[in-house]
Every structure is written in structure tokens, then in C-alpha cells.
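S.K.: Give me a model of this one.
(2 chains)
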Amino acid sequence: MQIHFTLNGMPVELDIEGRETLLEVLRERLGMFGVKHGCESGECGACAVLIDGEPRNTCVMLAPQVEGRQVVTIEGLGERPDPGWRRSRGLDRIQQAFIDTGAIQCGYCTPAMILAAHALLEKEPQPTEVQVREALSGVLCRCTGYLKPVQAVLRAAAILRGDSVEPLEAPIPAPRELRPPSEPGPEVEETEPGGLDVLTRTSVMPRILVTTQESPLRAVGKPVPKVDAAKLAQGKPAFTLDFEMRGMLFAKVLRSPYAHARIKRIDASRARALPGVAAVLTWEDIPRVVFSTAGQSDPIPGPLDTFSLDNKVRYVGDRVAFVAAESEAIAEEALEFIEVEYEPLPAILDYSHAMDEGAVQIHDEPEYVNFADSDPTRNLAAEIRIDIGDVEKGFAEADEIIEGEYEVPKVQQAHIEPHAVVTYWDENDRLVIRTSTQVPFHVRRQLAPVLGLPIKRIRVIKPRIGGGFGGKQEVQIEDVAAHLTIATGRPVRFETTRAEEFQASRSRHPMRIHMKTGVKRDGTITANEMYALSDTGAYGCHALTVTGNTGHKAMALYVGDGEYRKSPNIRFYADIVYTNRPSSGAYRGYGVPQGFWPVERHMERVAQALNLEPLNFRLKNALREGELHPFSTAWSEGREPRPETISTCGLEDCVQQGKAAAGWDAKFGNRDWHQIPGAPHLRRGIGVALVMQGTAIPYLDMGGASIKLNDDGSFNLLVGATDLGTGADTVLAQQAAEVLGVPVDDIVVYSSDTDFTPFDKGAYASSTTYISGGAVVRAARDVAQRIAIRAARMLSEQGEAVSAEQIHLADGCAWTPDGRTVTLGEVALNALHHEDQEQIMGVASFMSPVAPPPFAAQFAEVTVDVETGQLTVDKLVMAVDSGVIVNPLTASGQIEGGMTQALGYAVCEEMLYDEEGLARETNFSDYHIFAAHEMPELQTIFVETFEPSHPFGVKAVAEIPMDGVAPAVGNAVMDACGADLTEIPITPERLWRALRGKQP
Amino acid sequence: MGTFEYLRPKTIEEAVSLLERGVPLAGGTRVSTARRHIGAAIDLRDLDLTDLKIEKGAASIEAGVSLQVILESEPPLPDALRSACRLEAGWNIRNAATLGGTIMAGDGRSPLLTVLLALDADVTLEPASRTISLVDFLHQRNAASIHDLITGAHFELPLTLEYEQVARSPVDRPIVCAAAARFTSSARIAIGGFGEFPQRAVEAEKKAAAGESLDSVAQAAASLLETAQDAWASAEYRTAVAGVLVRRILANGGT
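M.R.: Numbering: from 1, shown residues only, chains lettered A, B, ... in the order given. Okay, here's the model as predicted:
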């Protein structure tokens, strides 16, 4: 049939199949790649366009429905204002506001948000914040926490009206009690609890207590727009599947209906015979090579227990066969023609029983490769036994011993862009893997033996990623497409559906944890012990390292006081077991959120038991600057541990700042404040959690960088570092710009291509700003030195002699002390073309012997309906010591987005399975992630310290916001109504039962 | 996967005659997800069932009216009806999802269906412009005659309409919800959060009409959920909390 409509002002006439969705037509037929696929049931909104001026989700519109209508996609809005000699209309105000305010992180949902904003401002030029949040309610974002997008729309609205707006660098005012008398400033308004009217400050900058620098910084510390923001605001084809190749095939995976079964027989002949099917692969067709899907450095710190296809399936959703066909519909149809005879086996769905005597062995394959203490005969993927000091002695010396059981759920990263990959042979018969990955170099190394190719014949390219959060720190789908490209010789694309993401992707390790703490009556912790039972699911990827971090970070924070501070008594034991559920893996925080729920809830209970003020109790026992990290001599992600001293710790300042911003003193334990007049069934509460994380893995993580000078004085910066939307490319450019004395715009970043960029371990462990940044600074300093040498020569020829050491770089020039300059462009032309020619460039690597922890104080304010158990989180305040903040907009965006993900962990996200191992959550309707119109107030305060192991004093910021929200909320609930929760999420029923002391 | 037809009738009669061949398509938020398993989609757009009328103390809303249009409507359309539309979905889906589609496909956790039950809405069906109560329609809809087309819903404007829900987050789908409408001479109570569709609490309504206590009425309403056990919540919890919600909304609504 034929359809006719207007697309971005131009008439379109198109022959289509009636059952094609508008999303398919816009992307695949018309090349509108700004329209994104995030789900198949209209819940995420990434596919939204304007239909006759209204945002509509195109994945749930049949294409014929658009007959006669006006369709506007992001491509129909503004474009870059300076495309050479042609003058363009430029970006529109909303696009520009999104860029300026840091409202764009991964950018996957950005086109949909911008279009929704357009529709709103068309109807309502002076929207309230509530109206803006309602307008964004149809677009789910997993990165930003919605705060900056809301601010962007409000700013754009003001600019469009001709109103003045505050400069972007205007800081949020401090709470009154922390302000010097000379700085009265505007009031920070109190908000009503719960509800929609969340305060949005007119300034987008977070509060930063800036640390002293040796000299003023020009690029580092500035709210520079992200270097990729403009292309994301325009919906440019920047993501993995925004890519077309002649002859491309579509891949699908046949998945197991059983939680545990052998494949007795598999016959793909009927599927292969289906017209349009190019290949069907089963375990019988490809080499049997065992590997691990965990994207980690060599040697993989975990068992090798995975095959691309196996003759056994280990969870509902496990792979059975791969199909490549001319269309997605044919590939899907072909799955139904693959005949499989299964022999069902007993399944282990409760990890408490994984190591029972007589339990079925999940991994009995002869090729299994053990790592450390793994033991597949007991379904044990990893075991950790760490003793620091003498815990038994510590317990013996305690006045009180307090124990508790805690549980944390399986939850999902839920990045809006599903896993996606394209593979093809290039003209040199090298296999190119274009993939949405956090670990391109690991993908290449780990897949080479699986595919029967040497590493040198594989190239991995990471384009823009629509969110990762650890879910893409995995070699999870690349082998599917690669095997099919090998089988067919043709390009293959594979993208998981949203249901497959929930059924067959990775998640956070669920854990059951026992805490035991010995404490003196004055609050001194004499011994602290944690046992964690962790469920790695069907495969052991990240089993050891995630759970190791649970202890390494969460149990390191409290060392005790007095003599115990000098010699802490800490025990951390853990067993990580196999079950017949989808695999757990890496998820932002990487074991540490799982650890802080029990630790911080337990500390609260200890403080209450001893009638101690909870913050004073915590600070009394918390790690301090200058002290030894207690775990640094005991464990280090599978490598040899080495002692590490805490060089910087701003925890106390974080507590003071956070307390003031949250109004702690007036609220905690205050029954008058708990009660809400006129609402006897409601109680307010405030809670806190103190947390720490890590910055990279010492003696392991390494990043490389190369920088070269171009003819015009600009630079190409090549880094292997992997920007997931976090702003890594930007903060690395800022660090280079700082050294080279140029605007950030003069640094052209290209990242994450194994052929062109130096090695980088990838985006995990909160390492990029620190490790990759360290490499960038070193390379930039080499370049600066080469520039200085040449500039000195050039300037000496023009006047008084000057040495290279006297040259400094600033404002795109090389300067002598007496003010003579030569531009970097002149230096470049001299170097590339005029005399003693050279390519001025620098190449460097950085690996650190330390992993300086960031610290934070997380506060939460809640309202509890004590009759129903309904919990509303009203406010989250996080005060963070992440060292020096390179970019306040991207850094605060990380905090806001992280707190929002952590909020879901606290109150609504969990992945459950029925008695057959079938997932309950397969879409965003059942797996609820927070939307724009239900958010609490979010506040970020940065308390800077200067970390000496990095040239700009940085520490990590990406993962720590995941750690404290859940326990702070749990502690706030306890303050509000006494309900003592030990399990998350804090669902209404769990809270209701806790209030009544009822067991389910 | 068989053939697929996209059909776009111009009249109700034509649409009714096509129902044997396929599934009605209004906003398409549900039908499109099933497109690989149906033989035809019957796009109702040209029937222009988009009228929303308030007259003589009653509301008539045609089946093609989107949830967003209902949400944006002014009083006397009750606030709680608008709130229920807001809770049903985000803006993008509300621009597409229709009243008729929600009546046909909404499940037990639908705030809008719960509110419509409390409003004691009638559903108009073609052919023959028949009217059936929403309660009865919901019981029949899966086995419903494939020759019926929903063209609208009609309800008397209540004196008060209250809705409350308990959910994991402020706009998540409810685990338990309750709606109550007070009319001149009666009250209607609906309970949702579970099962195939929400329920009218008929026994509770009788107790309210008989002047029994708030507690008695609430308990009777809550008893509808005595077997409402699923992966989301226990029956014990639902029953207890339903009683609380019913007490509140009856007290708020002056019932």
C-alpha cells in the first residue's frame, strides 16, 4: 500500500507493508536515525516524533496511521550554524538550551525530549516546572535524573519569551547557615513534601566548595558543553545501528524456554530452507571455545564457563541458536522452524540452595576453567575469605554485639538503547565489530579465540552509546553477529528487544548478607563482619570482582576508633553461587551498592541501640585522611594487593554541607517535624548514609592517549577511553586544553576504535577521568614541550632570546615572559611545512598505584503513609568529595542520574522469577524506572579535595551516587515511623508489614 | 506470519462489517504490538469518534477521544477522572490511547477503568447503538462478540468523585486502588489493582445505601480482594489497604 504524509515540511509518498510501524519506516526506509528504538511497547518514548504537533511514540503506530499527517522528527529542527560557506538556520533555542545546561548525557532520549519540549512551548510559552515535567513524562531517561532537561526547557522558554536568564556559571546559593554574613544571597526555598512541585533552581550549576589550586585553571573546572552535545541535539546518526550497509542481514536468537536443560537434538533444516534465511547456527556448527563474557583485563579474574552456543541451556532465555535473514520478520519466523528436543533438568532458582548437598550441577562441562577458588561441583563460581586484624578478639572486647540479616534484589541497568552490534568484513578481510560497548579492546581480545581469528584481524569501533551503566561491560552479543558474518560473509546487525534485555541480559548481583558488629558503649566499633551470599546466575562473569568490591569498599569505611583505628578488625567472607537465572554482571557501583544497604542500615541500628547520634557515631569510626585503606593489603580484584593510604578524605566536610542543605538538625528525630498537620496518617523522616567508592583499580587499569597538532593550531586527541554519555570525551578534552592553553573546541576527540586509538581498559571502575585523564595530561605535556621548544626558537629569531622553559601556553598562543607571542597555528605551520619538519605529537599511558576513594554523605527525606505503607521520597541531597571537579555540569549530571537509578533500587526496581524461572519483568510497565513527573528534589554539593596522584587532583564521580540512596531512604523511613527494613526495594507491602511486625 | 490488511472504513456500518476480518485500531498502542499475529487492523480514525459532550448533568465521551483530551478537559468533568488519565500513561501515550481502547484492553491495574466503574459508566456498542453497563461489558469483553464496536461511554456527572491508589512510586501502576462516586441518591465504589479488570463493590454499595458505618462499607469493599494474591502483593495486604483507601475516599467524598 502507499502512504502520503509530510515529513519535516516535505511531502513523502511511500510504498509500505501495512504492518510496518512508523518507527521502522522512519528509520529503515527514510533514514531518520534521530528516531530511536528503545522498546517495542511505547513505554520508553525514545521513538517519539511530533504528529500534527503532538508527541507520539512511533513504535506503537502502524505506518499507515500517518496518512495525511504532519510528521516532525529531530532532523526537522535546527542544524549547526556554520557549515562552511553555507549559512544555515542554526540550532533552535531548545536544542541550544539542552547543550548549554548539560541536559544531554548519552543523548539517546534527547531527540524525543526536545520534540516534546517543542510541543509544550508551542501551546504554553510560559510553562511551570510541573508542566515541563508532564511534557517530558512520556520519555524515560536513565542518565540524567531529568533535572537538567527540565532546566533546559525552562531556560529555553525564558529565552524565547525574551526574558533574561542567569549566566550558566552562576552558582546555587549556599544554605543560610553556611553562608558568610557578607553573602546574604537569595533564599533556598523549602518545598512541600512529595508531589509534583519539586524545586528547580534557576541556576544549573551545583554548589562546589572549590579547593585551592596552585594557579587559576582555564578549562578544568568549567561548565563546558559536551563535545558531542551538538550532534546528539541534532539527532545525528551517531549510534551503532544508525548505519546502513548493502546486503546487511538481521540476526535473531532462539532462546531456551527451560531454566535448565540439555539439548538432546536440534534440527535447523526447515529454518535454513525458509526463503530469505541466510544462515542458522547451532552448537553443532561453530567451534566450541570456552570464554568469559566479562569485559575485563587479562587474565580474566573469573572462571571461563561460557560458549557462544552450547548443548546445554542454563536459564530461561539462554541461547539455543542464531539466525541471520534478509529481514527481521523473516529471522523471527525462522526461529519457529528450528526443532529442539530438550531434556529438562532440575533447576536452582533460589540461591540459598545452590550449594546444598545433592544440588544439581549447573556447570558440568569438561572445558570449564577454574579461577582461584571456584568449584563448579558445588555451584561455586567464586569464594572470598578476607580477615583483617583479629575479629574474634574484637568481638570479645565489645560491650554489645549486634547482628542483622539483609537482602538486596536483582535489578537491571535498563539503558534505553538496547544492546546493538553490526559486524562485517572490510576490504582487507578484517572483521569489523561496530558495537555499543564499554570495553572495545576487551571485546577484541576476548572474542579472537572464539571466532578463530587473530586479534590483528579484528577491529572494534564504539560509536555513541545510549547508556551502559555496566550492562555493556560485557562481550554479550558481539559473538552472535560475528559468527553469522563468518558463516555468511555478509554484514549482520543484531539488536536485542526490550524483553530480551530483561530476560537474557545482565543485572546487579542479588545478595543475602549477614552483618555482625561489635561495639563499645561509647560507640567505638571493635569488630565488623559481613558474610555475603551472592547469586551470579547461570554464568560467572564478574562473580568474584563484584562481590569482592562489596567488601573492599563497603566494609572499608568503618575502621573503628582509638586503638582500633590503627589496627581495625574486619572480616569479609562471601560465596558467589551459580543458579539457573539470567547472569548477573557489572552494574554501576559494582557490588558497592549491595554492600552499603546492609552496612548503613546496620550502622543506623547500632546507633539506635546505643542511643547515639547517627552521624557522630559514623564519623567517630570512619576512615580518615592519612590512614591505610584497610583492604588494600588484603584484596585487589584478583591481583596482588598492595598497601594504599587515603590521601584525601572530605567526608566530614560532606557531612557538614549535606546536613545544612538537608536541614538535618531540625528534622532528625523531631516528632513535631515528623507529623504533618491535617494528615494524621503521614509521617516525615530524614535519613543519612555515608559511603565511599574507588577510583579505578590500582596496578591494573591503564589508559593511553595520543595528541597531534594540526595546521591551524587545533589538536586531534585520540583516546581508547569509552564515553557512554558520561562526558568522558569532554573532560579529557578539558584536561588536554588546560595543558595546551587552548579552548576546548580546539581539541578534536576521537575515541574507542581499536585500530586508531591507543589502548584503554574501558569505561568501568570509575576510571576514565582519572586514568585516561592521566594519560591525556602526560601526552599533552609532551606536546606542550615540543611546542615550547619550537616556539622558543621562532620567538628568539624575532627578538630577545628565550628558552623553552620560559614559554607558557595560553589563549591558543605560546608566550614569552615579556609578552611576545606566536600562535599555535604559526607553530604548526612552521613544524609541518617550513623548517626542521616534524609532526608535533605526544603519546602516553597512565596506570596508578592507588585507587583514591571518593567519599559522600547521602541524605534522604521521605513521607510514609503509615496506614498503607506508601512511601514517597521527597528529597535527595548528596554532598560528594570527588576530588577536583573537571566539569561541574557533567559531574552533577552523573550525581543526579545516579541518585535516580539508586532511587529505583531503593523503592521499586526488582527482577523476580516464577517457579519455572520465567521473568516477571519484561517491559518498562512492570519494571518501573522513575519518570520526569514523579521525581523528588535532587541537590548536589561538591566538596573538593586535591588528590595528589592526579595532575589536576581528580577522583571518581560516576559510581558513588549509586551507593547511599537506598540506605539513606531506609534510615529515613526508620526516623519517620520506626519501621526497620532490611530488604529492598521498600515496596508498600514490605513497609506495611515492617510497621506491623508481620511476616509474609 | 500470514498476510496483513490495513483497512480504513469511512462509516460505522462499514467498520462493523469489517470486524470479522480484524481488530479495531484507535490509537494503536496495543494493536500495533500484536501486528505480527493479526490478519487485519481496522483503523477507526475516519469515523471521527472524538466528541466529548457535557449536557444535562451527564458526560458522553466518544470512543476515539484520547486520554490527553479527557485530561485537558475542564470541569465539570471530575478532577479524579482527569487524574486517572494522568496516571494511566505518560503524555506521549495519552496522545494516542483512547477511551475505547482503554475500555477494551485495560486490565485490573488501570486507574481509568477503576474510575469509570465507580462512575457507573455505560458503554455504547454498534451495531444497533446498544448500551451496556461497563461492569457487564468487562465481564463479557474477552468472549465478546467480534461484531461489536465500542463507540463511546456515558455517565452521569457525580456530586463527588474520589480516587486513591497505592503504588511503588507516585506514577507507577497501582497495586491497590479505589474509586468512589457519590450521586444524588447513591454511591458507587470500585476496587482495582489486581486481575483482569477492576471490580464494582456492589455489596459495599448496598451497605452504604443502607446507612451502615464507614468501616462496614470499607470492609465489604475490601473483601473483593480476599483472593487477590499475585507476584505484586499478597491478598492480605490488598484487603487491608483497600479497606483503608475506601474509608478515605468515602470520607473525602462525603459519603
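
S.K.: Hmm, B:Lys56 and B:Leu154 touching each other?
M.R.: Rather than Leu, residue B:154 is His. No: in this structure B:His154 lies outside contact range of B:Lys56 using CB atoms under 8 Å: 11.2 Å. Every residue, glycine included, has its C-beta placed from N, CA and C.

S.K.: more crowded one of those two?
M.R.: B:His154 (17 against 8; other CB atoms under 10 Å in any protein chain shown).

S.K.: who are the neighbours in contact with the more buried one?
M.R.: Neighbouring residues of B:His154 by CB atoms under 8 Å, 6 or more residues apart in numbering or on different chains: B:Ala58, B:Ala59, B:Ser60, B:Ile61, B:Ala121, B:Asp122, B:Thr124, B:Thr131.

S.K.: Strand partners (parallel or antiparallel) of the one helix or strand it maps to?
M.R.: Assessed by DSSP states H and E, B:His154 sits inside strand B:149-156. In the sheet, strand B:149-156 lines up against strand B:58-62 (antiparallel), strand B:122-126 (antiparallel) (DSSP bridges).

S.K.: Tabulate those (a markdown table), appending mean neighbour count.
M.R.: Compiled in a markdown table, the strands paired with strand B:149-156 are given as follows (neighbours: other CB atoms under 10 Å in any protein chain shown):
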| stretch | mean neighbour count |
| --- | --- |
| strand B:58-62 | 19 |
| strand B:122-126 | 21 |
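
S.K.: As a markdown table, these with distance to A:Ile486 and mean pLDDT would be great.
M.R.: What follows is the strands paired with strand B:149-156, written out as a markdown table (distance: least, CB to CB, whole Å; pLDDT from 0 to 100):
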| stretch | distance to A:Ile486 | mean pLDDT |
| --- | --- | --- |
| strand B:58-62 | 57 | 97 |
| strand B:122-126 | 57 | 96 |
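
S.K.: With distance to A:Thr545 added, can I get the ones you listed in a markdown table?
M.R.: Listed next are the strands paired with strand B:149-156 as a markdown table, based on distance: least, CB to CB, whole Å:
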| stretch | distance to A:Thr545 |
| --- | --- |
| strand B:58-62 | 57 |
| strand B:122-126 | 58 |
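
S.K.: Surely A:Asp479 and A:Leu453 touch.
M.R.: No: A:Asp479 lies out of contact with A:Leu453 (CB under 8 Å); the separation is 11.5 Å.

S.K.: higher neighbour count, the two?
M.R.: Each of A:Asp479 and A:Leu453 has its neighbours counted (other CB under 10 Å); A:Asp479 has more, 28 against 17.

S.K.: Checking my notes, the more buried one in a helix, right?
M.R.: Yes: A:Asp479: assigned to a helix according to DSSP: H, G, I helix; E, B strand; the rest coil.

S.K.: residues contacting the residue nearest to A:His514 when sequence neighbours are not counted?
M.R.: Spatial nearest neighbour of A:His514, chain neighbours left out: A:Tyr531 (4.5 Å); criterion: CB to CB, 6 or more residues apart in numbering or on different chains. Going by CB under 8 Å, 6+ apart, A:Tyr531 touches A:Ile513, A:His514, A:Tyr573, A:Ala574.

S.K.: what are the phi and psi angles of A:Tyr531?
M.R.: phi -120, psi 130 (degrees, to the nearest 10).

S.K.: The one 5 residues further on too?
M.R.: Reported as degrees, to the nearest 10, the phi and psi values for A:Thr536 are phi -90, psi -10.

S.K.: and it, what is it in contact with?
M.R.: A:Ala381, A:Ala382, A:His509, A:His542, A:Ala543, A:Ile576, A:Val577, A:Tyr578, A:Thr579, A:Ser583, A:Ser584.

S.K.: Report pLDDT for the closest residue to it other than its chain neighbours.
M.R.: Distances taken as CB to CB, 6+ apart place A:Ala543 nearest to A:Thr536, at 4.1 Å, with adjacent residues excluded. At A:Ala543, the model reports a pLDDT of 97.

S.K.: So what's the residue count around A:Ala543?
M.R.: 34.

S.K.: circling back to that earlier point, packing partners of the helix or strand following the strand holding B:His154?
M.R.: Helices and strands here follow DSSP H and E; after strand B:149-156, the next one along the chain is strand B:160-166. Other helices and strands packing on strand B:160-166, by 3 or more CB pairs under 8 Å, 6 or more residues apart in numbering or on different chains; DSSP states H and E, are helix B:79-88, helix B:111-118, strand B:176-182, helix B:235-252.

S.K.: of all these, which lies closest to B:Glu20?
M.R.: helix B:111-118 (26.7 Å; CB to CB).

S.K.: Skipping adjacent residues, who's closest to the residue nearest the centre of chain B in space?
M.R.: Nearest to the mean C-alpha position of chain B, by CA atoms, centre = their mean, lies B:Leu113 at 2.0 Å. Leaving aside its sequence neighbours, B:Leu113 sits nearest to B:Gly106 (CB to CB, 6+ apart; 4.2 Å).

S.K.: same deal with B:Val171?
M.R.: Per CB to CB, 6+ apart, closest to B:Val171 is A:Glu934, 4.5 Å.

S.K.: what do you get for A:Pro344?
M.R.: A:Ala261 (4.8 Å).

S.K.: repeat for B:Ala242
M.R.: B:Ala222 is the one closest to B:Ala242 (CB to CB, 6+ apart), at 4.0 Å.

S.K.: neighbours around the residue in chain B that chain A sits nearest to, how many?
M.R.: Going by CB to the nearest CB, chain A is nearest to B:Asn92 of chain B, at 3.0 Å. B:Asn92 has 32 neighbours, counted by other CB under 10 Å.

S.K.: pLDDT-wise, which helix or strand of chain B ranks last?
M.R.: Least confident element among the helices and strands of chain B, by mean pLDDT, DSSP states H and E: strand B:23-25 (a mean of 91).
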